[in-house]
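Visitor: no sequence on hand, only this structure:
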């Protein structure tokens, strides 16, 4: 009986799921999506192309949460407005924004984050010669990287600078000050 009830909810649409827009980018998901789907298979069937789930920031940054909520009214749940469950694919997120002036503290800004099905042909920006972020930050060649290049650097996996050397000292051992070739237990 319990399984039949769950099947009935799933197939008759009684359980509401978020219907994510299908688009090439986040602004397209807000303005002119090619359709909406809850599952990847449904989105791929609607577009006849492979899709992948994406969550990206779009629009300007706002100094306060109230400014951002006022600007994105109708897209967010909040005081005075309640969205249908299937329309809850946008949310506000606080981001620490640093100044270009050295030794200036970071401040919080608010941006709209949009979850959507990215169409297969519209792949995110990838840096071809993927250098590590620490190397790109220290290099003095060229101009400062743009926001897409920084996003791509942030998404790539971390790689070691050099292979890790085997440990020669255990967790509770220290080298003797008078004879560095000998180890003694540390308590």
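Guide: Noted; the coordinates are in hand. Remember, predicted model here, so these are calculated numbers, not experimental data.
Visitor: use CA for all of it now, contacts and neighbours both
Guide: Will do.
Visitor: ok, now which ones touch residue 68?
Guide: For residue 68, the contact set (Cα atoms under 8 Å, 6 or more residues apart in numbering) comprises 61, 62, 92, 110, 111, 112.
Visitor: mind putting the residues you listed into JSON lines with distance to residue 145 and pLDDT?
Guide: Below are the contacts of residue 68 laid out as JSON lines (distance: Cα to Cα, whole Å; pLDDT from 0 to 100):
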{"residue": "61", "distance to residue 145": "19", "pLDDT": "91"}
{"residue": "62", "distance to residue 145": "22", "pLDDT": "94"}
{"residue": "92", "distance to residue 145": "25", "pLDDT": "93"}
{"residue": "110", "distance to residue 145": "22", "pLDDT": "93"}
{"residue": "111", "distance to residue 145": "21", "pLDDT": "93"}
{"residue": "112", "distance to residue 145": "22", "pLDDT": "94"}
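Visitor: make TSV from the residues you listed and add distance to residue 182 and neighbour count to it.
Guide: As requested, those are arranged in TSV below (distance: Cα to Cα, whole Å; neighbours: other Cα atoms under 10 Å):
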residue	distance to residue 182	neighbour count
61	58	18
62	60	17
92	57	17
110	56	22
111	57	24
112	59	24
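Visitor: these in strands, which ones?
Guide: 61, 62, 92, 110, 111, 112 (DSSP state E).
Visitor: how near is residue 152 to residue 55?
Guide: Separation of residue 152 from residue 55 (Cα to Cα, to the nearest Å) stands at 14 Å.
Visitor: no wait, residue 23
Guide: Distance, residue 23 to residue 55, by Cα to Cα: 12 Å.
Visitor: what do the two both touch?
Guide: Common neighbours of residue 23 and residue 55 (Cα under 8 Å, 6+ apart) are residue 116.
Visitor: which one's more surrounded, the two?
Guide: Neighbours were counted for residue 23 and for residue 55 using other Cα atoms under 10 Å; residue 23 has more, 25 against 15.
Visitor: just the pLDDT at the more buried one, thanks.
Guide: pLDDT, residue 23: 94.
Visitor: specify the beta-bridge partners of it.
Guide: Bridge pairing for residue 23 (DSSP bridges) gives the partners residue 118.
Visitor: got it, and residue 185?
Guide: Judged by DSSP bridges, the bridge partners of residue 185 are residue 173.
Visitor: centroid residue for this protein?
Guide: For the chain, residue 55 is the residue whose C-alpha lies nearest the centre (Cα atoms, centre = their mean; 5.9 Å).
Visitor: this protein: helices as residue ranges?
Guide: 2-12, 26-31, 40-47, 65-71, 133-138, 147-155 (DSSP state H).
Visitor: rank those by pLDDT, which is bottom?
Guide: Comparing mean pLDDT across these, the weakest is helix 2-12, with a mean of 43.
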